[in-house]
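**Student:** Let me see the structure of the following:
(2 chains, ligands or ions: 2)
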Protein chains: 2
Amino acid sequence: PPVAPLECLINDDYPVQCLKTTDKDEIVYMPFSFIEKYFEVYGAMKHYDGYDRFEFSHSYGKVINELPTPYTYHGMLMSFDTYNVEVRDRVKCVSGIEGVPLSSQWGKHGYFYGIQICQYGLSHYCKNLVQKLPQETVYEDADTIQPVWKQSNKQCITQYVDDPLIRNKVVKFTTPDSIPLGSGLTLHIGNTVERVLSFDIRFVGNGSISVMVDTNDKAKQYTIHYITNNLLLDFDHRSNIFYGIGATQSWRHIARDLVTDLRKGIGLSSTKKKKVKTSITKVTCLIVRGSGFIDNITVSTSQHMSQFQAASDWIVKNQDPESGGWKNDIERVLPGYDPIPPGWLSAMGQGQALSLLSRAYYVYKNESYLKTLALGLLPFTLPSNKGGVQAMFMGKYVWYEEYPTSPSSFVLNGFIYSLIGLYDFKSLLEDQFGMGSENLPADTVTQSERLGVNLPKVYSQASKLFQDGMTSLKAMLPLYDGGTRTFYDLRHFILKIQPKIARWDYHVTHLDQLALMSSISDDPIFQQVFQRWKGYTVGKPSQHN
Amino acid sequence: PPVAPLECLINDDYPVQCLKTTDKDEIVYMPFSFIEKYFEVYGAMKHYDGYDRFEFSHSYGKVINELPTPYTYHGMLMSFDTYNVEVRDRVKCVSGIEGVPLSSQWGKHGYFYGIQICQYGLSHYCKNLVQKLPQETVYEDADTIQPVWKQSNKQCITQYVDDPLIRNKVVKFTTPDSIPLGSGLTLHIGNTVERVLSFDIRFVGNGSISVMVDTNDKAKQYTIHYITNNLLLDFDHRSNIFYGIGATQSWRHIARDLVTDLRKGIGLSSTKKKKVKTSITKVTCLIVRGSGFIDNITVSTSQHMSQFQAASDWIVKNQDPESGGWKNDIERVLPGYDPIPPGWLSAMGQGQALSLLSRAYYVYKNESYLKTLALGLLPFTLPSNKGGVQAMFMGKYVWYEEYPTSPSSFVLNGFIYSLIGLYDFKSLLEDQFGMGSENLPADTVTQSERLGVNLPKVYSQASKLFQDGMTSLKAMLPLYDGGTRTFYDLRHFILKIQPKIARWDYHVTHLDQLALMSSISDDPIFQQVFQRWKGYTVGKPSQHN
Ligand SMILES: [Ca+2]
Ligand SMILES: [Ca+2]
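**Tutor:** Numbers count the residues shown, from 1 in each chain, chains lettered A, B, ... in the order given. Ligands and ions are numbered 1, 2, ... in the order given. Model prediction:
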């Protein structure tokens, strides 16, 4: 249709150049560039099915429609299978010593952040649930696969020995102390498909494992060195990346995502915020240096359960025995509130730890997970200003605080995560120990004594904390409903300031959480609110009068 | 620019035909018809300054920027000068007997609705404050203006007599009882400019005053008959409209907006919702029938103070002496709540009555207004379920309910109107009786006895009710903030349903009320919220994270 320019005056304020058809219909067209900015919507040209079209989206969040199956404490958690925690910019790297991510979100030197570690563990657990079995290639197991090791010099020696602990053959290696990093005993790999390296190792004294990789970065070769020291991460700004793996002298399993290790290393040099996108085209070889034993050298597509277990073990090891909490050793500054000094607890952290360890116990039946779970309830019973995570809304509704601000902030997603954690632990106690049934199992007392956990008492505590929280959630959920979007927290009511609208990915988190809640609760409110809030993502607001 | 059609896919759901420039910029244009419906915005072609432009508006409300002057209890109330209460579709007509509007909003037979009557009075009071002095033409005052009256027959007689009450000359008229309606004694008017008829009259026995008007409705002539009976309103579906003015045999002042009377009459016949737009081109003549006295026959552009006084007097006369309230004798049905049976009180009604009568007392110093005001506080002290208007939010904040629903609904605008009323009465007591000052005036006790109103006690009651309400308002205001629009009430929190977004004219009412509040309160919250909510009307939402 023939068109002519038309001036459009926006809210009696500023002009925008529009078009009008010159036929009698006089159809007015506004440029998408204006609509995009004014309404904060999204659009992109797409070509498929043989022609161009323009895809307009109200929001950028990917909304799930429903949970595929009823929720269980050992199953999928929301859409955690799609989380790639370690890839995030705010993760400095995955620690070589602990095998869990280090956050740099609120402190660039890096610190362990319980929530992030739980999410790392849970995401790998969920990926393991839904992904195909990993593809893996074993390059050395000393039993059936015995490759050739290339020596840097004649004093570099490998031999096969029986290990009494592992109870099969392992490689014993020895290289001189004076040999430079990156030399020693080389095992050719040449893998162009898989990217996760794993092996079992026991060092005797100091040593290192270096991995050479080819990349798509102008065909450059990088070497990632894993060294028996306490270095976190370093990069020589050329081609060498260094991770400390600690000086442990006992057998351990190490699993490293080489792409992540590479990118976090290169990222150290970039002052820009630009994401490193270097890819590995080939894992070339592995070089051991020092003295010790190695076995089961494998390159695979994933090692999710190793990563899940590393996170679970970190959580067990790092629980504060007094408070039962995972202390966040970083100051947290929330606008409008006094800074929260280091050492604070988060109900979300507690909840995610419960979700993580409930799954870990389900898989490994490790009693330390159960003890940690039980102690993890303690902070839910204490107010934030007494070192716990509990808050009260209007003196009536109990709330578990993601951040122990004063006054309270009532962050919605963190609260729901804490309820999911309580539900998971409660369900574990029901499923594995028969708690919550009419008649407790006959061996409850002996079980409790054996585990060092008073099962009925802990169950009743978890149940009450969960039920009280659900009562609050059902009552307060409407306070997060903005009619067109949702609120992240209740700071507007508490501080009398503007509401903090949840950005679309938090909105989608709310939706994912409601879907989960509607699967574990009979109350229709969760389905109703889910449907309404889902409507907001496609521009369907609540009614006006 | 040359353009080509482009398919746009909305939220992966449905297509909209758009345009794209065929140059290298590939600018995408979306039709306003889509934008208008999808985002519920407004637009219209306007021609001025010699060219066409398209005016885009986010909302349709007219936002005031600030109060022109500090608010006073006897000054302008918000933008009530722009209200045309009697013109509204939900007003059946202005009663000939009471001189106040009758509502048909929740019952088509018509009923008196206190809030509407107050708004009618207040709007005319405010119009009187801001409008130019009315233009008026006197057609008969028996003293200086003595026109010719045309007789239908010789038994129709006028004579000038001295009236002992009015203390000047008036017209005494007599016509036979048998004479038909619309005949009798005719006074030629022929006014093509003014439309409000007023006169003083005292009937002896039955009679009528008929007014003939020419209209733009195919030059049709209508006659509006004001008859000494209790008829509300009738229309013969041809050209005769009938209003009862009651059988009162004493002097009274009658002021009628002929356009309103005409339109409400014609409107009776229309089954469609279409607004009657017939205009009067000329007020032709006035015909009296029956026996009695008449004086000061005037046609003017307005009679605002007559209408204000009629409303004030209705309010005094119709206060329930027991509850102190203005009972609404109509069932009120609010979705999601049990119907409220007739006889309920509204805090908004109480408040608007306080605003009306505070102004009435200021102007007329009529003691009955003061007594009514004092008694009007009583419902604020009782909960809704005990016949009052008080509610409590979360056991902590007192609230005055526009509708006494169970559970409470917390309608924002009605609450603020109630606070304005309390403020007005409190200010009247300060201004006129020196209440609230360090030392009460020496004559306070005698004044109180003379007026039959315990001034200090009533003042302390009004002050406390106002202050308590302000505390609640300041605390709860953020709960009405949707981040992009405002909420009409808190039904979403109370009933756990979707929020009721305030339509733009209620949003503007919120703004007008906040502007007023910021004028009478030092708390910066009112200015802050005003500015933020004003931003919403031009598409500036609160921040998201
Ligand atoms: Ca082996
Ligand atoms: Ca006179």
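
**Student:** Give me the buried stretch members for stretch A:235-255, please.
**Tutor:** A:235, A:239-246, A:251, A:254-255 (16 or more other C-beta atoms under 10 Å in any protein chain shown). Where you see a C-beta, it was placed from the backbone N, CA and C, and this is true even at glycine.

**Student:** got the buried residues for stretch A:316-329?
**Tutor:** A:316, A:318-319, A:323-328.

**Student:** still on that earlier bit, out of the buried residues of stretch A:235-255, which is nearest to ligand 1?
**Tutor:** Closest approach between the buried residues of stretch A:235-255 and ligand 1, by C-beta to the ion: A:W251, at 11.7 Å.

**Student:** Please, where are all the helices along chain A?
**Tutor:** A:32-39, A:114-130, A:258-267, A:304-317, A:347-364, A:367-375, A:412-433, A:444-451, A:455-476, A:491-495, A:504-520, A:525-537 (DSSP state H).

**Student:** Pick the most buried one from those helices.
**Tutor:** Of all the helices of chain A, helix A:347-364 carries the top mean neighbour count, a mean of 27, counting by mean count of other C-beta atoms under 10 Å in any protein chain shown.

**Student:** Report the angle between that one and helix A:455-476.
**Tutor:** For helix A:347-364 against helix A:455-476, the angle by axes from the mean of the first three to the mean of the last three C-alpha atoms, to 10 degrees is 130 degrees.

**Student:** Which elements pack onto helix A:347-364?
**Tutor:** Secondary-structure packing of helix A:347-364 (3 or more C-beta pairs under 8 Å, 6 or more residues apart in numbering or on different chains; DSSP states H and E): helix A:114-130, helix A:304-317, helix A:367-375, strand A:397-400, helix A:412-433.

**Student:** Minimum distance to B:G50: which of the ones you listed has it?
**Tutor:** With C-beta to C-beta as the measure, helix A:412-433 is the member of these nearest B:G50 (54.0 Å).

**Student:** Turn the helices and strands packed on helix A:347-364 into TSV, including distance to ligand 2.
**Tutor:** Listed next are those as TSV, based on distance: least, C-beta to the ion, whole Å:
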stretch	distance to ligand 2
helix A:114-130	87
helix A:304-317	97
helix A:367-375	96
strand A:397-400	71
helix A:412-433	73
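
**Student:** Now distance to B:Y506 and mean pLDDT too, for these, in TSV please.
**Tutor:** Shown next, in TSV, are these (distance: least, C-beta to C-beta, whole Å; pLDDT from 0 to 100):
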stretch	distance to B:Y506	mean pLDDT
helix A:114-130	42	97
helix A:304-317	51	97
helix A:367-375	51	97
strand A:397-400	29	98
helix A:412-433	27	98
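
**Student:** Nearest approach to chain B belongs to which of these?
**Tutor:** strand A:397-400 (9.1 Å; C-beta to the nearest C-beta).

**Student:** With just CA atoms, put that closest one into CSV.
**Tutor:** The C-alpha trace of strand A:397-400 is given here as CSV (Å, rounded to 0.1, in the frame of the first residue of the first chain):
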residue,chain,number,x,y,z
TYR,A,397,2.7,-14.6,58.8
VAL,A,398,6.0,-16.3,59.2
TRP,A,399,8.5,-15.9,56.4
TYR,A,400,11.9,-17.3,55.6
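
**Student:** Pull out the buried residues from it.
**Tutor:** A:397-400.

**Student:** How about stretch A:15-34?
**Tutor:** Neighbour-count burial for stretch A:15-34 flags A:16, A:18-21, A:27-32, A:34 (criterion: 16+ other C-beta under 10 Å).

**Student:** So which residues make contact with it?
**Tutor:** A:1-10, A:43, A:54, A:56, B:1, B:3, B:18-19, B:27-33, B:35, B:43, B:45, B:53-54, B:56 (C-beta atoms under 8 Å, 6 or more residues apart in numbering or on different chains).

**Student:** what's the closest of the helices of chain A to B:V283?
**Tutor:** So among the helices of chain A, helix A:32-39 is nearest, using C-beta to C-beta, at 50.8 Å.

**Student:** How far away from the center of its chain is that closest one?
**Tutor:** 34 Å (C-alpha atoms, centre = their mean, to the nearest Å).

**Student:** Out of the buried residues of stretch A:235-255, which is nearest to A:P524?
**Tutor:** A:A255 (44.5 Å).

**Student:** Now do the contacts for that closest one.
**Tutor:** Listed by C-beta under 8 Å, 6+ apart, the contact partners of A:A255 are A:99, A:196-198, A:303, A:306-307, A:310.

**Student:** where's the nearest residue to A:L102 once chain neighbours are set aside relative to chain B, distance?
**Tutor:** Distance criterion C-beta to C-beta, 6 or more residues apart in numbering or on different chains; nearest residue to A:L102, sequence neighbours excluded, is A:G110 at 4.0 Å. When distance is defined by C-beta to the nearest C-beta, to the nearest Å, A:G110 is 23 Å away from chain B.

**Student:** burial measure for A:G110, as a count.
**Tutor:** 18 (other C-beta atoms under 10 Å in any protein chain shown).

**Student:** residues touching it, list them.
**Tutor:** A:G110 neighbours (C-beta under 8 Å, 6+ apart): A:92-93, A:102-104, A:232.

**Student:** could I get those residues as CSV with neighbour count and pLDDT?
**Tutor:** Shown next, in CSV, are the contacts of A:G110 (neighbours: other C-beta atoms under 10 Å in any protein chain shown; pLDDT from 0 to 100):
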residue, neighbour count, pLDDT
A:K92, 22, 94
A:C93, 21, 95
A:L102, 21, 95
A:S103, 22, 93
A:S104, 17, 89
A:L232, 15, 94
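
**Student:** which among these gets closest to ligand 2?
**Tutor:** Nearest to ligand 2 among the contacts of A:G110 is A:S103, at 90.7 Å by C-beta to the ion.

**Student:** now the closest one: how far from A:P335?
**Tutor:** A:S103 is 20 Å from A:P335, where distance means C-beta to C-beta, to the nearest Å.

**Student:** Which strand residues bridge the closest residue to A:V138 other than its chain neighbours?
**Tutor:** In space, and not counting its chain neighbours, A:V138 is closest to A:T298: 5.0 Å by C-beta to C-beta, 6+ apart. Beta-bridge pairing of A:T298 under DSSP bridges involves A:V138, A:S198.

**Student:** cool, A:M392 as well?
**Tutor:** Assessed by DSSP bridges, A:M392 has beta-bridge partners A:V398.

**Student:** so how many other residues sit close to it?
**Tutor:** By other C-beta under 10 Å, the residues close to A:M392 number 13.

**Student:** With A:Q543 instead?
**Tutor:** Neighbours of A:Q543 (other C-beta under 10 Å): 11.

**Student:** Pull the most distant pair out of the buried residues of strand A:397-400.
**Tutor:** Distance extremes for the buried residues of strand A:397-400: the farthest pair is A:Y397 and A:Y400 at 11.0 Å, using C-beta to C-beta.

**Student:** contacting residues around the closest residue to A:Q498 other than its chain neighbours?
**Tutor:** Once flanking residues are discounted, A:Q498 sits nearest to B:S542: 4.3 Å by C-beta to C-beta, 6+ apart. Applying C-beta under 8 Å, 6+ apart to B:S542 gives the contacts A:492, A:498-501, B:481, B:483-484, B:532.

**Student:** which one of these sits closest to ligand 2?
**Tutor:** Among those, and counting by C-beta to the ion, the member closest to ligand 2 is B:R532, at 57.4 Å.

**Student:** what's the neighbour count on the closest residue to that closest one other than its chain neighbours?
**Tutor:** Nearest in space to B:R532, with sequence neighbours left out and distances taken as C-beta to C-beta, 6+ apart, is A:Q498 at 5.7 Å. For A:Q498, the neighbour count with other C-beta under 10 Å is 18.
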